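In: Below: sequence and its predicted model.
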Amino acid sequence: MSARDDTAPVTLHLDRVPGVLGRIVHERAADYAAADPALGPDRVRTHRFEAALRQPGLSLIAEVKRASPSQGAIAPLDPLEAARAYEAGGARAISVLTEPRHFDGTAQALRDVVGGVVVPALRKDFVVHPAMLREAAEWGASAALLMVSVLHEATAEYLHMAHHLGLDALVEVHDERELEIALAAGAPIIGVNNRDLTTLHIDLEVSPRLIRRARDAGFTGVLVAESGYRTPQDLASVRDIADAVLVGSSLAGSGDLTRAARDLMRA
Ligand SMILES: O=C(O)c1ccccc1NCC(=O)[C@H](O)[C@H](O)COP(=O)(O)O
């Protein structure tokens, strides 16, 4: 019996999610409204994503991002070619957007990347249903994104479901309240997004502030700074305190993904 076969699907309160993010999660909830919430049998968690980010120095999670609400069309990337280029440029993990309407993502993009690179892949989507985690595992992802701004008090249960499926989870926060929820949920990997996903405003001070706060609270897990990084100078405030950075738009739109990844991470 699976972790979800004997229980009702956990209820999310998506009406509390405002702005751009609110629109996206309502669409995703409609996409999965009829999906089976059963997870199936336990899978072994290999911790591949976590281990990749725990290597010495600042790890790069490079994102296959063809479009976004803030940028519109970014670049018509072939996901596998892009992931290989990032890997050649030193990326230790690849983030693959699978949301179709606003990010031009697909399931096939994730499958192609998983099958074509050595480093682990993250399913980057707006998880609002257990089936999205089951898919991530079936498509070969090593990890999935869980957003506290969407899941709120259900974060711990979704984290449990991800682990049941053998997935690591990048539990994303944007403010102190969300960080408290992530810490209370026992998340081993916490990402701090500099982008406010309701307004799309980026503030590069958010990651260093919340990363310090997490460490001050005794958090010994992996900390990831996310969004808005374009130059090595931008990384200065997180280089010595974060384990990893997640970078999409500036790399994806660069025209030379390998070189852009190398140049960005140069200390
Ligand atoms: O990127 C957006 O415009 C966006 C809008 C609404 C919800 C999510 C969004 N992005 C998800 C991300 O957080 C980023 O893809 C990721 O952290 C990389 O950010 P960047 O390097 O700034 O592309």
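Out: Received it, and whenever you're ready, just let me know what you need.

In: Where do the helices of the stretch 151-267 of the chain begin and end?
Out: 155-164, 176-185, 206-216, 249-252, 257-265 (DSSP state H, counting those that start in this stretch).

In: what about stretch 79-95, how long is it end to end?
Out: 10 Å (CA to CA, to the nearest Å).

In: So for stretch 232-252, mean pLDDT?
Out: Average pLDDT, stretch 232-252: 98.

In: what about that stretch, distance to the chain center?
Out: Mean C-alpha position of stretch 232-252 versus that of the full chain (CA atoms, centre = their mean, to the nearest Å) differs by 14 Å.

In: Identify each buried residue in that stretch, please.
Out: 234-235, 237-239, 242-252 (16 or more other CB atoms under 10 Å). Glycine gets a C-beta too; all of them are placed from N, C-alpha and C.

In: How about stretch 92-101?
Out: 92-99.

In: same check, this time on stretch 51-65
Out: 52-53, 58-65.

In: isn't residue 61 right next to residue 90, touching?
Out: No: counting by CB atoms under 8 Å, residue 61 does not reach residue 90; the two are 11.4 Å apart.

In: Show me the buried residues of stretch 51-65 that map onto helices.
Out: Among these, the members falling in helices (DSSP state H) are 52-53.

In: which of the buried residues of stretch 51-65 come close to the ligand?
Out: Among the buried residues of stretch 51-65, the residues lying close to the ligand (CB under 6 Å from any ligand atom) are 63, 65.

In: Can you name the residues of the stretch 51-200 of the chain that neighbour the ligand?
Out: Counting by CB under 6 Å from any ligand atom, the stretch 51-200 of the chain sits next to the ligand at 63, 65, 68-70, 193, 195, 197, 200.

In: filter these to the buried ones?
Out: 63, 65, 68, 70, 193, 195, 197.

In: would you turn the residues you listed into TSV with pLDDT and distance to residue 170?
Out: Formatted as TSV, those follow (pLDDT from 0 to 100; distance: CB to CB, whole Å):
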residue	pLDDT	distance to residue 170
63	98	12
65	98	15
68	97	18
70	93	20
193	98	10
195	97	15
197	93	14
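
In: Relative to residue 212, which of those is nearest.
Out: residue 193 (15.9 Å; CB to CB).

In: Contacts only, for that closest one.
Out: By CB atoms under 8 Å, 6 or more residues apart in numbering, residue 193 lies in contact with 172-174, 206-207, 226-227.

In: cutoff 10 Å now
Out: Residues near residue 193 by CB atoms under 10 Å, 6 or more residues apart in numbering: 145, 147-149, 172-175, 178, 202, 206-207, 210, 224-228, 246.

In: Kindly report the same for residue 63.
Out: 74, 82-83, 86, 91, 93-97, 103, 122, 124, 226-227, 246-252.

In: redo that, cut-off 8 Å
Out: 94-97, 124, 246-248, 251-252.

In: Who is it paired with across the strands?
Out: residue 95 (DSSP bridges).

In: Please report how far it lies from residue 251.
Out: According to CB to CB, to the nearest Å, residue 63 and residue 251 sit 7 Å apart.

In: try residue 13
Out: 34 Å.
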